[in-house]
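K.L.:
Give me a 3D structure for the following:
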Amino acid sequence: MRVIIAGAGEVGRGVAAALRGERRGVALIDPDPNAISDSQSLDCLLVTGSALSRESLVRAGISDAEIIVYATNNDHVNILGCAFAKRVFSEKVVDRTASGLITIANIRDTGIIDPSTGAGPLRDWARTNFVVSPSEEVVNQLTSGLISPSLSDIIPLGGNAWIVESSVTESSPILGSPINSIHPDDDDGPGYPRIIAMKGGEDKGRIVNGSEIIQDGDMLVFLTGSTSFFSEISRLVGDASSDMPERPSVAIFGATDFGSRIAGHYLQMGSHVVIIEPDLDIANSVVGSRIGINKRLDVIHGDPQDEDLLRELAIEDHDIAIATLGDDNLNISISMRAFDKGVIRTGLILKDRALVEVIQRIGLRPVSKRRVAIKSILKAIHMHVPGLYEPIPRIPSLVSMSAEITSESGFLGELWHEANKKLNAKLVMLERSDAIGGVQTLSENEVDTLEEGDRIYLILEIDDVGKVEDLLRS
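P.N.:
All right, here's what the predicted structure looks like:
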């Protein structure tokens, strides 16, 4: 697979690095010589030029490309670029429909793709095959991470599946135990967390076989079928934290698009939410919005760093505090202040993905918009397999994938261990519809053969992604 990426900023370089890890051919286009210079270490074809230039696309190898990603910092260029790339591709390969080229546009302004007030769906007129706008995933990742803030990473994997990563501490009850002795009997409930990978000391990380002995400091990767098991994972790694209230009280700093979405999430839970916004016009716009009519929402115009305002709000009595303003440093400052006042579930949204692990070390729960954008683009790139693709954040050599077993699948009727062997991957969980329309989360000892409609979850080496995708697609 050859992929062209227009935009060599932090998002474009992140996608390129991940694809090079899969041994894909990658070309990067950017008009900024400094951005091109920063990309030298990626071992990609680098083209200095405009993403809307025929010459640049030809130099990048558009006629041989399968996918082009527009990840510039201009949403309008990203939308227009998809149609332009299809046009140039069709000229070069004499294919009027340009069906051989998949286009992906990264859109930061969600208003553009709103089906009622914006220009969406873009596929109908802009020749964009996939639109990546990671706002919803940012909100999902942040709100799920605040359920158990002591855990290092909590990644939604689609459906009822979650990847959770955290390090083992000296107070862990499983210290010194082999992994295969930790998994309980079936009566502990569907979705009980299973350890699927680990990273210890200086090693690069690996898929577990069950015989590994857990040591202090090991990074464990769990797969679980329910958020209700997050507290159990905290207990297993020795970082037990208090359970989150059913209807937590929430303070949100910033009436941004993210702030409004997060407020909507907690209002649906029955929580009381207060939004503090320094811009009067923006505060008023939230009051007049769809969520503004909710009686459990208060919108306050004021400075989020005003000590008198925080005292009046009794910020220390809130269960959750989240900073969603557009300035990373301001969000960090606000979050640290709330955390220091005793709000243990404190989250923030960042742009710079390099800050995430640093901020986590001081007890906060950050989510980087750019990191989520990179993962969302990678998912779109791998969408020709009917499932999801998720890199393992702390073990870059591993990825998790899901796929649906269809009537035409070569794995229909296969035994669990036979599918494992054929895929050269570890099948770690399966979701199956039950007789009343619900979804069951099943493990190996609960499954006989794979059935049509089953969704399987796999973990594998990044080098094997292409081969596994081919097998799943067939």
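K.L.:
So for the chain, the centremost residue is which one?
P.N.:
residue 372 (4.9 Å; C-alpha atoms, centre = their mean).
K.L.:
Residue most distant from the centroid, this protein?
P.N.:
Max radial position in the chain (C-alpha atoms, centre = their mean) goes to residue 94, at 37.3 Å.
K.L.:
so how far is residue 328 from residue 366?
P.N.:
9 Å (C-beta to C-beta, to the nearest Å). Where you see a C-beta, it was placed from the backbone N, CA and C, and this is true even at glycine.
K.L.:
who touches both of the two?
P.N.:
350, 355 (C-beta atoms under 8 Å, 6 or more residues apart in numbering).
K.L.:
Comparing these two, which residue is more hemmed in?
P.N.:
Taking other C-beta atoms under 10 Å, residue 366 and residue 328 do not tie; residue 366 has more neighbours (26 against 18).
K.L.:
Show the pLDDT at the more buried one.
P.N.:
We have a pLDDT of 94 for residue 366.
K.L.:
Likewise for residue 46?
P.N.:
As predicted, residue 46 sits at a pLDDT of 96.
K.L.:
buried ones in the strand or helix carrying it?
P.N.:
Element membership for residue 46, per DSSP states H and E: strand 45-48. Using 16 or more other C-beta atoms under 10 Å as the test for burial, strand 45-48 gives 46, 47, 48.
K.L.:
With stretch 258-273 instead?
P.N.:
If you call a residue buried by 16+ other C-beta under 10 Å, then stretch 258-273 has these buried ones: 258-267, 271-273.
K.L.:
Give me the secondary structure label for the residue lying closest to residue 216 once chain neighbours are set aside.
P.N.:
Excluding its sequence neighbours, the residue lying closest to residue 216 (C-beta to C-beta, 6 or more residues apart in numbering) is residue 170, at 5.2 Å. Under DSSP: H, G, I helix; E, B strand; the rest coil, the three-state class of residue 170 is coil.
K.L.:
Residue 238 is in contact with residue 170, correct?
P.N.:
Yes. Using C-beta atoms under 8 Å, residue 170 is in contact with residue 238, at 6.8 Å.
K.L.:
Give me the more crowded residue out of these two.
P.N.:
Between residue 170 and residue 238, residue 238 has the larger neighbour count (other C-beta under 10 Å), namely 18 against 8.
K.L.:
which residues sit in contact with residue 62?
P.N.:
4, 68, 85, 88, 89, 92, 101.
K.L.:
which of those residues are buried?
P.N.:
With burial judged by 16+ other C-beta under 10 Å, the buried subset of the contacts of residue 62 is 4, 68, 85, 88, 89, 92, 101.
K.L.:
What about those residues, which are in helices?
P.N.:
85, 88, 89, 92 (DSSP state H).
K.L.:
circling back to that earlier point, isn't there a helix covering the residue nearest to the centre of the chain?
P.N.:
Yes. With three-state DSSP as the criterion, residue 372 is assigned to a helix.
K.L.:
Can I get the helix or strand harbouring residue 470 in CSV? Just the C-alpha atoms.
P.N.:
Element membership for residue 470 (DSSP H and E) is helix 465-473. Provided in CSV are the C-alpha atoms of helix 465-473 (Å, rounded to 0.1, in the frame of the first residue of the first chain):
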residue,chain,number,x,y,z
VAL,A,465,-1.0,-5.9,10.0
GLY,A,466,-1.0,-6.1,6.2
LYS,A,467,-1.1,-9.9,6.1
VAL,A,468,-3.8,-10.1,8.8
GLU,A,469,-5.9,-7.5,6.9
ASP,A,470,-5.6,-9.6,3.7
LEU,A,471,-6.8,-12.7,5.5
LEU,A,472,-9.7,-11.0,7.2
ARG,A,473,-10.7,-9.3,3.9
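K.L.:
what's it packed up against?
P.N.:
If you count contacts as 3 or more C-beta pairs under 8 Å, 6 or more residues apart in numbering; DSSP states H and E, helix 465-473 packs onto strand 398-404, helix 416-423.
K.L.:
Please list the outside residues in contact with it.
P.N.:
With C-beta under 8 Å, 6+ apart as the test, helix 465-473 has contacts from 1, 22-24, 382, 384-385, 387, 389, 399, 401, 403, 409-411, 422-425, 458, 460.
K.L.:
Going through these, which ones are buried?
P.N.:
Among the contacts of helix 465-473, the ones that count as buried by 16+ other C-beta under 10 Å are 1, 22, 24, 382, 385, 387, 389, 399, 401, 403, 409, 411, 423, 425, 458, 460.
K.L.:
pLDDT at the fourth one, what is it?
P.N.:
Per-residue confidence at residue 382 stands at 79 (pLDDT).
K.L.:
What separation do you get for the nearest residue to it once chain neighbours are set aside and residue 461?
P.N.:
Excluding its sequence neighbours, the residue lying closest to residue 382 (C-beta to C-beta, 6+ apart) is residue 389, at 3.9 Å. Taking C-beta to C-beta as the measure, residue 389 falls 14 Å from residue 461.
K.L.:
cool, and residue 174?
P.N.:
25 Å.
K.L.:
who has more neighbours, the two?
P.N.:
Between residue 174 and residue 461, counted using other C-beta under 10 Å, residue 174 has the larger neighbour count: 19 against 14.
K.L.:
for the more buried one, what are its contacts?
P.N.:
Contact partners of residue 174, counting by C-beta under 8 Å, 6+ apart, are 168, 182, 214, 236, 237.
K.L.:
quick revisit: how near is the residue nearest to residue 382 to residue 470?
P.N.:
Distance, residue 389 to residue 470, by C-beta to C-beta: 14 Å.
K.L.:
how about low-confidence regions in the stretch 1-150 of the chain?
P.N.:
115-120, 123 (pLDDT under 70).
K.L.:
now the strands for it?
P.N.:
With strands called from DSSP state E, counting those that start in this stretch, the stretch 1-150 of the chain shows them at 2-6, 25-30, 45-48, 67-70, 102-106, 130-132.
K.L.:
what are the pairing partners of the longest one, and which direction each?
P.N.:
Take DSSP bridges as the rule and strand 25-30 pairs in its sheet with strand 2-6 (parallel), strand 45-48 (parallel).
K.L.:
on that earlier part again, ok, the residue nearest to residue 382 - contacts?
P.N.:
Applying C-beta under 8 Å, 6+ apart, the residues contacting residue 389 are 378, 379, 381, 382, 399, 400, 401, 465.
K.L.:
pretty sure the fifth one contacts residue 382?
P.N.:
No. Using C-beta under 8 Å, residue 399 is not in contact with residue 382, being 9.0 Å away.
K.L.:
Now do the buried residues in stretch 429-443.
P.N.:
429, 430, 431, 432, 441, 442, 443.
K.L.:
Ok, stretch 55-74 next?
P.N.:
56-57, 59-60, 62-63, 65, 67-72.
K.L.:
One more: stretch 336-347?
P.N.:
336, 337, 338, 339, 341, 343, 344, 345, 346, 347.
K.L.:
Just the ones of those in strands?
P.N.:
The strands, defined by DSSP state E, take in 345, 346, 347 from the buried residues of stretch 336-347.
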